[in-house]
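K.L.:
My questions are about this predicted structure, shown below with the sequence.
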Amino acid sequence: MISEELSYSARAVFVSSLKKGSYLLGIINSGLDVLKENMFAGNRVERNKLQTYYVQTHGVNNLYKFNLDSRTRLVYTPGC
């Protein structure tokens with residue numbers, strides 16, 4: 001799917017733009033390590049709270065939120 005390829009590309013550009021050893025890159029990598037072990041470690045976002053744009057454009061129907069720290073969160077769909 002084209003949107004998945006673009007989404008992956010956008011992630012790669014964002015992560016590669018972070019300085020090695022930066023705090024944000026560290027918490028992103030730590031969060032991804034947790035999610036590699038258990039992709040359902042985050043909290044599921046209730047279906048009625050999903051934004052219509054994401055449901056219609058990307059077919060998102062299972063969105064999860066994982067808190068990286070007290071200010072930063074990662075939003076993802078498992079298995080994509």
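P.N.:
Done, it's in. Just so it is clear, the structure is predicted and the values come from calculations on it, not from any experiment. Numbering: from 1, shown residues only.

K.L.:
Strands of the protein, start to end?
P.N.:
Counting by DSSP state E, one finds strands in the chain at the ranges 43-44, 64-67, 73-76.

K.L.:
Between those, which one is closest to residue 11.
P.N.:
Across the strands of the chain, residue 11 has its closest neighbour in strand 73-76 (10.3 Å, C-beta to C-beta). C-betas here are computed from N, CA, C, even on glycine.

K.L.:
which strands and helices sit next to that closest one?
P.N.:
Applying 3 or more C-beta pairs under 8 Å, 6 or more residues apart in numbering; DSSP states H and E, we find strand 73-76 packed against helix 23-37, strand 64-67.

K.L.:
Quickly run through the sheet partners of that strand, with directions.
P.N.:
Sheet pairing of strand 73-76 (DSSP bridges) gives strand 64-67 (antiparallel).

K.L.:
Figure out how far the partner strand is from the centre of its chain.
P.N.:
Taking C-alpha atoms, centre = their mean, to the nearest Å, the mean C-alpha location of strand 64-67 is offset from the chain mean by 8 Å.

K.L.:
what's next to it, contact-wise?
P.N.:
The contact list for strand 64-67, computed with C-beta atoms under 8 Å, 6 or more residues apart in numbering, reads 31, 34-35, 40-45, 73-78.

K.L.:
ok, now how distant is the residue nearest to residue 18 when sequence neighbours are not counted from residue 19?
P.N.:
Counting by C-beta to C-beta, 6 or more residues apart in numbering, residue 25 is the residue found nearest to residue 18 once chain neighbours are left out, at 4.2 Å. Counting by C-beta to C-beta, to the nearest Å, the separation of residue 25 from residue 19 is 7 Å.

K.L.:
The two: who's more crowded?
P.N.:
A count of neighbours by other C-beta atoms under 10 Å puts residue 25 above the other of residue 25 and residue 19, at 15 against 8.

K.L.:
my guess is that one contacts residue 17, does it?
P.N.:
No: under the criterion of C-beta atoms under 8 Å, residue 25 lies out of contact with residue 17, with a separation of 9.6 Å.

K.L.:
Please produce a markdown table containing the helices and strands packed on strand 73-76, extended by distance to residue 57.
P.N.:
A markdown table is the format used below for those (distance: least, C-beta to C-beta, whole Å):
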| stretch | distance to residue 57 |
| --- | --- |
| helix 23-37 | 23 |
| strand 64-67 | 18 |
